[in-house]
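Asker: Pasted the sequence and its predicted model underneath.
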Amino acid sequence: MTINLIADVLVASLLVATIITCFILTKRIERLKADEAGMRQTVSALITATDNAERAIAGLKHTLGDCDRTLEERLRTAERYAADLAAQVEAGQAVMERIGQIVSAATLVGAKPAEEAVQAPEPAPVSRLESAAQSAAAIRARAARRLEGQAA
């Protein structure tokens, strides 16, 4: 009987150890299930964030394309304006050269009557050519000041 009793005590102690182990394992499984639910929530939040990020990236690409097209259009417009401005500056310089030639010619023509006026004691009336030469010189001086102001 003692062997039966020892065997029963041994079986009982093994059953108690098994019950304790099962209780510990049950607690661990519960924690793992709770962690699994938390992980599922985390994964779903990550999926939602990824979808939002992909939509935002698509929107940014679209906006970048719009900006690129707008910038390209503005650059073309600026190039046209620069070309027009360069043509106008060249035309202005040509006009300035013509005015300079007119003033030089008027000065040469106007200098001869002035020499004759020195020889003649009578005061010479202001001719239309001299008046035009003076006006052209004044216009040339104003244009030169404006060009200097724009260049600065």
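Answerer: Perfect, I can see it now.
Asker: Only C-alpha atoms from now on, for both contacts and neighbour counts.
Answerer: Fine.
Asker: where does the chain have low pLDDT?
Answerer: In the predicted model, the chain carries pLDDT under 70 at residues 1, 110-127, 150-152.
Asker: in which helix or strand would I find E148?
Answerer: Using DSSP states H and E, the element containing E148 is helix 128-151.
Asker: Now tell me what touches that helix from outside.
Answerer: Contacting residues not belonging to helix 128-151 are listed as 96, 99-100, 102-103, 106-107, 110 [Cα atoms under 8 Å, 6 or more residues apart in numbering].
Asker: next one: stretch 92-106
Answerer: So stretch 92-106 is contacted by 129-130, 132-134, 136-137, 140, 143 (Cα under 8 Å, 6+ apart).
Asker: between the residues you listed, which is nearest L46?
Answerer: Relative to L46, the closest of those is A143; by Cα to Cα it sits at 69.4 Å.
Asker: what about dumping the CA coordinates of stretch 18-37 to CSV?
Answerer: Taking Å, rounded to 0.1, in the frame of the first residue of the first chain, the C-alpha atoms of stretch 18-37 are listed here in CSV:
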residue,chain,number,x,y,z
THR,A,18,0.6,20.6,-14.3
ILE,A,19,-2.2,22.7,-13.1
ILE,A,20,0.2,25.5,-12.0
THR,A,21,2.0,25.3,-15.3
CYS,A,22,-1.4,25.4,-17.2
PHE,A,23,-2.4,28.4,-15.2
ILE,A,24,0.9,30.2,-16.0
LEU,A,25,0.5,29.3,-19.7
THR,A,26,-3.1,30.5,-19.7
LYS,A,27,-2.0,33.9,-18.4
ARG,A,28,0.8,34.1,-21.0
ILE,A,29,-1.7,33.2,-23.8
GLU,A,30,-4.1,35.9,-22.5
ARG,A,31,-1.2,38.4,-22.6
LEU,A,32,-0.2,37.3,-26.1
LYS,A,33,-3.9,37.6,-27.3
ALA,A,34,-4.0,41.1,-25.8
ASP,A,35,-0.7,41.9,-27.5
GLU,A,36,-2.1,40.5,-30.7
ALA,A,37,-5.1,42.8,-30.6
